[in-house]
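In: need coordinates for the following:
(one chain, ligands or ions: 2)
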Amino acid sequence: MSKFRRIVILTGAGISAESGVDTFRDKDGIWSKVDYRDVATPQGFHRNPALVHEFYNERRRRMADVQPNAAHIALARLEREFAGDFLLVTQNIDDLHERAGSRKLVHMHGELAGAWCTNCGTRCEWHDDLSTRVPCLACHVAGFMRPDVVWFGEFPSRMDEIETSIGACDLFVSIGTSGNVYPAAGFVEEARNAGAHTVELNLEPSEGHNLFAEAEHGRATEIVPAFVERLLGKG
Ligand code: NAD
Ligand code: APR
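Out: Ligands and ions are numbered 1, 2, ... in the order given. Take a look at the predicted model:
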């Protein structure tokens, strides 16, 4: 049985890397090929919505070819078997956590499988390509649909819920994130201030690695299942 009672897990692109999803800041990462200002800011969308739609359409289409890996599956198991409070916060817009079985999950940077209308504000599930010609399912006006992702300069989703859970947690684990993007990069300090034990599981030391009480570096598919096994007291 774990000695912890309230766990918050933060994941980033690294947890999906071995499923075949590109990361952002690794060598050959997305931001080495595309300027984030063109595809991941409100200003970029205003300048060239077709380019932004194509960037996310391409990523959405690729979701059909990727599967959850052992790290996603281990976190779903942790949620099922851990007796205390649990929250999984992901910066990822893929749906691999849900497909692995995670349910207590917050997509703080939004989801590829969602869209919203900037004309009437309606959000909906979205699995097809988006374009400037697609009409909103609610108000039926075309030209206002955008992917339900959070861009740089926008406010991440469900922050109140995330901050409340971090402020009350006794274990905070950061997995597969380079620690470059706030507010997620600041969660470790909030968890420390709340008195939580903090753990980093990443391929290499992240930007803020020295803020963690404990760190393990290696591939997510190896170190995350082993960590979960130990946490559940079975390893
Ligand atoms: P920021 O990093 O200060 O982020 C502002 C807000 O946007 C944060 O709340 C963040 O959580 C959110 N956000 C929106 N879209 C996001 C997304 N797709 N991924 C992650 N978080 C997202 O943004 P800023 O003020 O525009 O930039 C601050 C500095 O960071 C600038 O100097 C910029 O050049 C740099 N930056 C670098 C990269 C990179 O990959 N090299 C990317 C973005 C910003
Ligand atoms: N196992 C574990 N970690 C890995 C693996 C792996 N197989 N492969 C890569 N990593 C690590 C890298 O070492 C790196 O530290 O995952 C991290 C990925 O970092 P980023 O590419 O910066 O991704 P992330 O931290 O999720 O980015 C945050 O930036 O632009 C935004 O929207 C984007 O939500 C994203 C945010």
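In: packing partners for the helix of greatest length in the chain?
Out: Using DSSP state H to define each element, the chain has its longest helix at helix 49-62. Contacts defined by 3 or more Cβ pairs under 8 Å, 6 or more residues apart in numbering; DSSP states H and E place helix 49-62 against helix 36-39, helix 42-47, strand 110-117, strand 145-149. In this view, the C-beta of every residue, glycine as well, is placed from N, C-alpha and C.
In: will you turn those into TSV that also has mean neighbour count?
Out: Output for those, formatted as TSV (neighbours: other Cβ atoms under 10 Å):
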stretch	mean neighbour count
helix 36-39	15
helix 42-47	14
strand 110-117	21
strand 145-149	21
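In: reformat those as a markdown table; add distance to ligand 1 and mean pLDDT.
Out: Below are the helices and strands packed on helix 49-62 laid out as a markdown table (distance: least, Cβ to the nearest ligand atom, whole Å; pLDDT from 0 to 100):
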| stretch | distance to ligand 1 | mean pLDDT |
| --- | --- | --- |
| helix 36-39 | 4 | 98 |
| helix 42-47 | 9 | 97 |
| strand 110-117 | 8 | 98 |
| strand 145-149 | 6 | 98 |
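In: can you say which of those is nearest to ligand 2?
Out: With Cβ to the nearest ligand atom as the measure, helix 36-39 is the member of the helices and strands packed on helix 49-62 nearest ligand 2 (6.0 Å).
In: the helices and strands packed on helix 49-62: which one's closest to residue 98?
Out: With Cβ to Cβ, the closest approach to residue 98 among the helices and strands packed on helix 49-62 belongs to strand 110-117: 8.9 Å.
In: helices or strands up against that closest one?
Out: helix 49-62, strand 123-125, strand 145-149.
In: each with direction, which strands does that strand pair with?
Out: Strand 110-117 has these partner strands in its sheet, going by DSSP bridges: strand 123-125 (antiparallel), strand 145-149 (antiparallel).
In: now these in JSON lines, with distance to ligand 2?
Out: Output for the strands paired with strand 110-117, formatted as JSON lines (distance: least, Cβ to the nearest ligand atom, whole Å):
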{"stretch": "strand 123-125", "distance to ligand 2": "19"}
{"stretch": "strand 145-149", "distance to ligand 2": "8"}
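In: need these in CSV (columns: distance to residue 223).
Out: Shown next, in CSV, are the strands paired with strand 110-117 (distance: least, Cβ to Cβ, whole Å):
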stretch, distance to residue 223
strand 123-125, 33
strand 145-149, 28
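In: circling back to that earlier point, and the next helix or strand after the longest helix of the chain, what's buried?
Out: Remark: after helix 49-62, the chain's next helix or strand is helix 70-81, criterion DSSP states H and E. For helix 70-81, burial by neighbour count (16 or more other Cβ atoms under 10 Å) applies to 70, 71, 72, 73, 74, 75, 76, 77, 78, 79.
In: does ligand 2 sit close to helix 70-81?
Out: No - applying Cβ under 6 Å from any ligand atom, one finds helix 70-81 separated from ligand 2 by no less than 7.3 Å.
In: chain center to that helix, what's the gap?
Out: On the basis of Cα atoms, centre = their mean, to the nearest Å, helix 70-81 is displaced by 15 Å from the centre of the chain it belongs to.
In: same question, stretch 129-141
Out: With Cα atoms, centre = their mean, you get 26 Å for stretch 129-141.
In: could you give the mean pLDDT of it?
Out: What stretch 129-141 shows for mean pLDDT is 96.
In: now do stretch 197-215
Out: 97.
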